[in-house]
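K.L.:
pasted the sequence and its predicted model underneath.
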Number of protein chains: 4
Amino acid sequence: MSTDADKPWTWSEDTWRAKVEHVRAGRSLAPARWKDGARCAVALSFDSDHETIELRFGGASYGKMSQGQYGARKGTPRIMRLLERHGVPATFFMPAVSALLHPNEARAVGASGHELGIHSWIHEFNSRLDHATERDLALRAADTLEKLSGRRPVGMRTASWDFSPYTLKIIREMGLLYDSSLMADGEPYELLDEGAPTGIVELPVEWIRDDAIYFNMDRMAGLRPYTGPETVLNIFQRELDLAHEEGGLYVLTMHPHHIGHRSRIFILDEIIRHAKSLPGVWFATHEEIARWCATEAGLPARA
Amino acid sequence: MSTDADKPWTWSEDTWRAKVEHVRAGRSLAPARWKDGARCAVALSFDSDHETIELRFGGASYGKMSQGQYGARKGTPRIMRLLERHGVPATFFMPAVSALLHPNEARAVGASGHELGIHSWIHEFNSRLDHATERDLALRAADTLEKLSGRRPVGMRTASWDFSPYTLKIIREMGLLYDSSLMADGEPYELLDEGAPTGIVELPVEWIRDDAIYFNMDRMAGLRPYTGPETVLNIFQRELDLAHEEGGLYVLTMHPHHIGHRSRIFILDEIIRHAKSLPGVWFATHEEIARWCATEAGLPARA
Amino acid sequence: MSTDADKPWTWSEDTWRAKVEHVRAGRSLAPARWKDGARCAVALSFDSDHETIELRFGGASYGKMSQGQYGARKGTPRIMRLLERHGVPATFFMPAVSALLHPNEARAVGASGHELGIHSWIHEFNSRLDHATERDLALRAADTLEKLSGRRPVGMRTASWDFSPYTLKIIREMGLLYDSSLMADGEPYELLDEGAPTGIVELPVEWIRDDAIYFNMDRMAGLRPYTGPETVLNIFQRELDLAHEEGGLYVLTMHPHHIGHRSRIFILDEIIRHAKSLPGVWFATHEEIARWCATEAGLPARA
Amino acid sequence: MSTDADKPWTWSEDTWRAKVEHVRAGRSLAPARWKDGARCAVALSFDSDHETIELRFGGASYGKMSQGQYGARKGTPRIMRLLERHGVPATFFMPAVSALLHPNEARAVGASGHELGIHSWIHEFNSRLDHATERDLALRAADTLEKLSGRRPVGMRTASWDFSPYTLKIIREMGLLYDSSLMADGEPYELLDEGAPTGIVELPVEWIRDDAIYFNMDRMAGLRPYTGPETVLNIFQRELDLAHEEGGLYVLTMHPHHIGHRSRIFILDEIIRHAKSLPGVWFATHEEIARWCATEAGLPARA
């Protein structure tokens, strides 16, 4: 039975089925009703990577490091003020190193009623790690966030949404409530571990609803912010409109060092205004939404 | 006589002519009239690749695998509902492995009056295979689709439109009615095999009329969905308008994991509405169109 | 005196000056007046590469070859009809192999009063050739076009605008009237060969005024047609408006296999309409414009 | 203590802290008031790289060299006329080799009341140099600009904003007033050298406010000018609007060989017009702004 990665057309059915089923979407956890009879749930999230975007590649560029620092220095404060003005909660996923570099930010997030979630140690790619290393980094990341914010995180978003063969097993061992790194659906679903239900809620992301793919700038990698901000708003709004029409979930991923800029912050402002103009929108943290879905579906209580 | 691929300026005329004529567009099969006197034929197609997009590269990323699963879980159902609401047929090209992973989808396509077409085994690149392997995979793909849907497919779309030196010979041996992978014209044409007519109808595609080129997201390859969906609609509509004006054929290629998203499905809806607003549009499967053209041109009957 | 290409900061002044002055823009040849007192000269050009775009890379992809064939089969005829309807001339630059594959097209261009210009042998990159090979291919290309069209070409556009260290010397030896491959100005200028005037007219191109950079699609190279056609029209029109305001030259480079598509041909139509709506626009071939500029500047007569 | 660049997740806290703090943003130098009570400071800058863009890569492409020459021949004059018409000052950062190739341009910039700033020797990447080489090139660059313009430059913008581990130490040794290559804030700030204040003013740039990232064209590197000029104007204007609203600084980076083209110069025109339409905008050179901020903050006098 060949498993030659370069020749998948030679694989046996067992081989490709095993790959597909190793981590997969199980039953839908879209609830029959959202909290207080809301029609749609809006989960705003910010991956507060800051300097770790450059550190994870060796930290050789001071330009890129300063670009990351902008996120902490200007981006997050601008976002926090906007969220406060609108009175809506959000979830901030912070790499542990980013939280250690900006402990006041990590504390302020928790103190403002927002949620702080796990987002790797130093924005490492999980798929380059062995099981023991990935596990160790995940545990230390949770410890770090707990120590800084006073509360143990209950959810994880993998860095670069790089979900390794070991990630789900680590999430289970850690007893987390939810993950938010996969994209097999628009609605919440239960993760399957080699076909078996896990009780873990997946709050699905999508590159479409991620500011980075339109705005990333990497001089050497050829990435450029080619898409105008009004087009990005248009895309984010269309995703929201149909989520609302379908009575579903809307997860938006942003980055303080992208959306936090002067020419882009209006996108977040407009999305919140638009959501508020729709009837029956529940703004909630990832944790609140995951708990709601888990309870409605009768999943056993977790973290 | 040099045939050094790196120095084509040293090639003899025989060499470059042989390359050009190995597989080429022959006479136009644009019919004098479309069915029931229609002015324009609209052929909607969906390449239902789902998880095979990642499997074909070794299946190492669970994020990309979930992106593919979205196509099966949300994209195709959303598309099928839309087609049903508008009452228009379409052709779904499914890799055999995708059909085996989603047998109900393969069955439902056939049961809904849509067409199911060959689209490789596991989305392999044909140009990396030898003749025997490509032939074996094509035959097994046809067998698989027949077994699942109860009907033997009559047309092929190569994965990634990667037409190898052997593809046409395999299509002929299989007795297929049509191919839909090449782009030498906007109208149907007869394929030439080393200069000789084959009786095979080509229903030409174009990257311009493919949602993937605007919407593809590949973190490592630098591909990003930079083009806004309203611009994509504008392009697709311009292609349709001139096809209609010229009394021709309009083949549109889409993917459930691209067009099936909340911010994009309106493109398909608008294209169908626009086509319906034009006088004399015949919505048909690839098979129906190929048969019509073959008959009108007096080609001998095939599959 | 170091000339290490990897360490240009170690170069002596002689070294970098020699590189800059090897081929350079000399005096402006912008005429005091255009023909018949026109305010602005419009030079439409089409690089009729067709299958050579793929042949030059070894010709391994039948998909790309069919994309090129589209240029000959649909693109050029559509363009020729449009030019005829508007009654405006243009210059078609054809690789010799493209002309040999489509001799009727080469003849028709000449017979329609358009100009046929040199555009390499098989779309090879000049910078990969030695002097003797580049010279041999240029001479054979000129012979081929002359034999097919009955008239010896007087101007050259290098393939991919890849101007080698030998190109200018070959142009001089061939006694050509003009080149159209460089971009040091918006107006015509005289080329300098190691600082000395050559009498050769440069009709400058620019990637900005080239349809390919917005519309190119190369699956493996990551190039995608991300820019919408209405944006491309906007750019082309802005270039034209200021050329007209400044009383200058407007050279537009297009490709039958790009601009010739149903969703793009309107760009050419609109540009011609817009130019006609402006007062005092002279539509002319590259040859006519080069001759006019040469005469007005008192350059000695050439080809 | 591991510092393996490929495995940053193994780094000790000392290691990543040292990397982050080597060069970093210190206290904000945003002044309580701008000159004459202005609400917002606008700093237009032009990186006059011209032929050095190609020379720094070995200078092998005459096409790219001509593209650079366009900057000197058409771009800068068009920009200078526009600035004069509007009566606004700007800062021109010139590589020394560019200034030596275009000495009249370097002189004209100074004579017109604009500022001439350091911008490397030949547009080299600083991060590829050792300390001694980078220092030698910076000093020779300053000497060259002083000799040509009659005034010693007081500020630096690194080429490609490539700030090396040695750059800040060289800036300090040279006694410069300011740097404009980093992006940790939108407002001016004081640079920290391994945690210690330096008295150097950073006038932060951002790729978002750089014309090159939208307009760059590099045939071989896959860079294309995909973003339409009206979108670029929209982005630049949004950045300006919020800078004005916040009472802050607006640094715009442009290049004569990009913005100087016929289809793009309107962007600069519109930005200046828009800024003039806002109440209380102070147009100033980088030097004037840096001096103002330094004085307001009580920093010791420098260059």
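P.N.:
Good, I have the coordinates.
K.L.:
output stretch A:141-154 as CSV - backbone C-alpha positions only.
P.N.:
What follows is stretch A:141-154, C-alpha atoms only, in CSV (Å, rounded to 0.1, in the frame of the first residue of the first chain):
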residue,chain,number,x,y,z
ALA,A,141,1.1,29.4,25.9
ALA,A,142,-2.0,28.7,28.0
ASP,A,143,0.0,29.1,31.2
THR,A,144,1.4,32.4,30.0
LEU,A,145,-2.0,33.9,29.1
GLU,A,146,-3.5,32.6,32.3
LYS,A,147,-0.7,34.2,34.4
LEU,A,148,-1.0,37.5,32.7
SER,A,149,-4.8,37.8,32.5
GLY,A,150,-5.8,35.8,35.6
ARG,A,151,-8.0,33.5,33.6
ARG,A,152,-7.2,30.2,31.8
PRO,A,153,-8.1,30.4,28.1
VAL,A,154,-10.7,28.0,26.8
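K.L.:
for chain C, give me its nearest residue in chain A.
P.N.:
Closest to chain C within chain A is residue A:226: 6.4 Å, counting by C-beta to the nearest C-beta. (C-beta placed from N, C-alpha, C; glycine too.)
K.L.:
what sits against that residue?
P.N.:
Taking C-beta atoms under 8 Å, 6 or more residues apart in numbering or on different chains, we find residue A:226 in contact with A:214, B:224, B:226, C:226, D:214, D:226, D:227.
K.L.:
again, only using 6 Å
P.N.:
B:226, D:226, D:227 (C-beta atoms under 6 Å, 6 or more residues apart in numbering or on different chains).
K.L.:
check residue A:94 too.
P.N.:
By C-beta under 6 Å, 6+ apart, the contact list for residue A:94 reads A:48, A:119.
K.L.:
give me that answer again for 8 Å
P.N.:
Residues near residue A:94 by C-beta under 8 Å, 6+ apart: A:48, A:49, A:105, A:106, A:109, A:116, A:117, A:119, A:145.
K.L.:
go on, residue A:102?
P.N.:
Contacts of residue A:102 by C-beta under 8 Å, 6+ apart are A:48, A:50, A:72.
K.L.:
relative to chain D, how far out is it?
P.N.:
Using C-beta to the nearest C-beta, to the nearest Å, residue A:102 is found at 10 Å from chain D.
K.L.:
residue A:7 too?
P.N.:
Applying C-beta to the nearest C-beta, the value for residue A:7 to chain D is 28 Å.
K.L.:
hmm, back to that, possible to save the contacts of residue A:102 as JSON lines with neighbour count and distance to chain C?
P.N.:
Listed next are those as JSON lines, based on neighbours: other C-beta atoms under 10 Å in any protein chain shown; distance: C-beta to the nearest C-beta, whole Å:
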{"residue": "A:48", "neighbour count": "29", "distance to chain C": "30"}
{"residue": "A:50", "neighbour count": "31", "distance to chain C": "29"}
{"residue": "A:72", "neighbour count": "23", "distance to chain C": "32"}
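K.L.:
those residues in strands, which ones?
P.N.:
Among those, the subset assigned to strands under DSSP state E is empty.
K.L.:
nearest to residue D:186 among those residues?
P.N.:
Closest to residue D:186 out of the contacts of residue A:102 is residue A:72 (13.4 Å), distances taken as C-beta to C-beta.
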